[in-house]
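In: Following is a predicted model, sequence given first.
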Amino acid sequence: MKKNIAIIMGGYSSEYKISLNSGNVVYNYLDPTKFNLFRIHVFKEKWAYVDENNMETPVNKNDFSIEIDGKKIIFDCVFNAIHGTPGEDGLMQAYLELLNIPQTSCNYYQAALTFNKRDLLSVLKPYGIRSAASYYLNWGDAIDEDKIIDTVGLPCFVKANKAGSSFGISKVYEKEKLRAAIEDAYKEDDEIIIEAFLDGTEVSVGVIKYDGKTTVLPVTEIVTENDFFDYEAKYEGKSQEITPARISDTQKNKVSELAKKAYDVLKMKGFSRSEFIFVNDEPFMLEMNTTPGLTTESILPQQAKEAGISLSQLFESAVQEALNKKA
């Protein structure tokens, strides 16, 4: 009997449109002869199943079920395609674990940890995974521009601590523009991380569970036309994403080893995509994404393609991995 797979998409953050794109790609590439597929939109104001005619059926949040033509449908597995909250920060993972419904992304603790950039980097530092010098602010903290610049220098990056897709991020060159950048980041989150600028080659490394094994995908080099890899560069064609990256074998081996180490240390499962910048051949970690973009143009699918893994294979393996964990 075919398993019922819910593909959750949308979410509560600025990333919801990107998530809808990812979720629809998953829906289009998972094999309907093997699974019964259900698109589930998750928004603050509603959770709903959306059928082929875009008709909506509400989701019963008590057991994450839907009712169609008088028949109750329970899901065997959830494919998580939500970027940002509540799909990438542990909320959906914890909810589904309470309901004993397997899902394709990492567990709730790992999701919450990796979604918090500064906590993630602090946890990985003792394992030899380097990161840029940083300064932290919480909403309401006094802003001491001189102390910040003494710590991280100029230029520096001001980032929302818990946000993705380059929302709430600015590159600051002058002390006078620091406060405005901080205020902009606070629009996305009540925690901020301010990091030293690292001048080097930026790369992205996908690490996934595939056919039951931890697999490091080919490395992607990020070359942006803009000042940094911002939203426009990521989603509006202002960057080149080159897979495999034009880096030395030594660099490739180093960064692949570190990305796998981070995945293993954190006891990850599902998909991950970690970002690094090389400084004098040494990779410095920026962040880890646990529900990375899954459109045909997204970095992780590009890496999978380079590794000889089709989108159908990539998504089916994630579902099977989740189902096997429950078995």
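Out: Structure received. Numbering: from 1, shown residues only.

In: Strands of the stretch 1-150 of the chain, start to end?
Out: 3-10, 35-42, 47-50, 56-58, 65-68, 71-74, 77-80, 134-138 (DSSP state E, counting those that start in this stretch).

In: pLDDT value on Gly164, please?
Out: Per-residue pLDDT puts Gly164 at 56.

In: re the thing from before, columns mean pLDDT and mean neighbour count on top of the strands of the stretch 1-150 of the chain, output as a markdown table?
Out: From N, CA and C alone the C-beta is placed, and that goes for glycine too. Below are those laid out as a markdown table (pLDDT from 0 to 100; neighbours: other C-beta atoms under 10 Å):
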| stretch | mean pLDDT | mean neighbour count |
| --- | --- | --- |
| strand 3-10 | 98 | 24 |
| strand 35-42 | 98 | 20 |
| strand 47-50 | 98 | 18 |
| strand 56-58 | 98 | 13 |
| strand 65-68 | 97 | 15 |
| strand 71-74 | 98 | 11 |
| strand 77-80 | 98 | 28 |
| strand 134-138 | 96 | 16 |
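
In: These: which one's closest to Pro244?
Out: Nearest to Pro244 among the strands of the stretch 1-150 of the chain is strand 77-80; the distance by C-beta to C-beta comes to 27.4 Å.

In: list the helices and strands the closest one packs on?
Out: If you count contacts as 3 or more C-beta pairs under 8 Å, 6 or more residues apart in numbering; DSSP states H and E, strand 77-80 packs onto strand 3-10, helix 91-98, helix 311-326.

In: Not counting its own residues, what contacts the first one?
Out: Contacting residues not belonging to strand 3-10 are listed as 16, 19-20, 22-24, 26-27, 30, 35-43, 64, 73-82, 87, 92, 319, 323 [C-beta atoms under 8 Å, 6 or more residues apart in numbering].

In: Walk me through which strands it pairs with, and which way each runs.
Out: strand 35-42 (parallel), strand 77-80 (parallel) (DSSP bridges).

In: Same list (the strands of the stretch 1-150 of the chain) but as JSON lines, adding distance to Gln313.
Out: JSON lines is the format used below for the strands of the stretch 1-150 of the chain (distance: least, C-beta to C-beta, whole Å):
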{"stretch": "strand 3-10", "distance to Gln313": "15"}
{"stretch": "strand 35-42", "distance to Gln313": "14"}
{"stretch": "strand 47-50", "distance to Gln313": "25"}
{"stretch": "strand 56-58", "distance to Gln313": "30"}
{"stretch": "strand 65-68", "distance to Gln313": "28"}
{"stretch": "strand 71-74", "distance to Gln313": "26"}
{"stretch": "strand 77-80", "distance to Gln313": "14"}
{"stretch": "strand 134-138", "distance to Gln313": "38"}
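
In: Tell me which of these approaches Asp150 most closely.
Out: strand 134-138 (9.1 Å).

In: what does the closest one contact?
Out: For strand 134-138, using C-beta under 8 Å, 6+ apart, the contacting residues are 118, 121, 143, 147-148, 151-152, 161, 182, 190-196.

In: Type out the ChimeraX command that picks the buried ones from those residues.
Out: Command for ChimeraX that selects the buried part of those, burial taken from 16 or more other C-beta atoms under 10 Å:
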select :118,121,148,151,152,161,182,191,192,193,194,195,196
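
In: and the contacts of strand 134-138, which of them are in helices?
Out: Using DSSP state H, the members of those that fall within helices are Arg118, Leu121, Lys147, Ile148, Thr151, Val152, Ile182.

In: I'd guessed the fourth one sits against Arg179; true?
Out: Spelled out, it's Ile148. No: Ile148 is not in contact with Arg179 according to C-beta atoms under 8 Å; the separation is 9.9 Å.

In: Thr290: which of the ones in helices among the contacts of strand 134-138 is nearest?
Out: Leu121 (14.8 Å).

In: which residues touch that closest one?
Out: Ile129, Ser131, Ser134, Met285, Glu287.

In: can you list those in a markdown table and add distance to Ser312?
Out: Converted to a markdown table, the contacts of Leu121 look like this (distance: C-beta to C-beta, whole Å):
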| residue | distance to Ser312 |
| --- | --- |
| Ile129 | 33 |
| Ser131 | 36 |
| Ser134 | 40 |
| Met285 | 31 |
| Glu287 | 28 |
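
In: List just the nearest of those to Lys267.
Out: Using C-beta to C-beta, these come closest to Lys267 at Ile129, 15.2 Å.

In: How about the spatially closest residue to Val50 that is not a sequence neighbour: which residues does it bridge to?
Out: Of all residues not flanking Val50 in the chain, Arg39 sits nearest, at 4.8 Å (C-beta to C-beta, 6 or more residues apart in numbering). Counting by DSSP bridges, Arg39 is bridged to Ile7, Val50.

In: Can you name the next helix or strand after the helix or strand where Lys260 lies?
Out: In this assignment (DSSP states H and E), Lys260 forms part of helix 249-265. Sequence-wise, the next helix or strand downstream of helix 249-265 (DSSP H and E) is strand 271-279.

In: packing partners for that next one?
Out: Secondary elements touching strand 271-279 (3+ C-beta pairs under 8 Å, 6+ apart): strand 201-210, helix 249-265, strand 282-289, helix 299-306.
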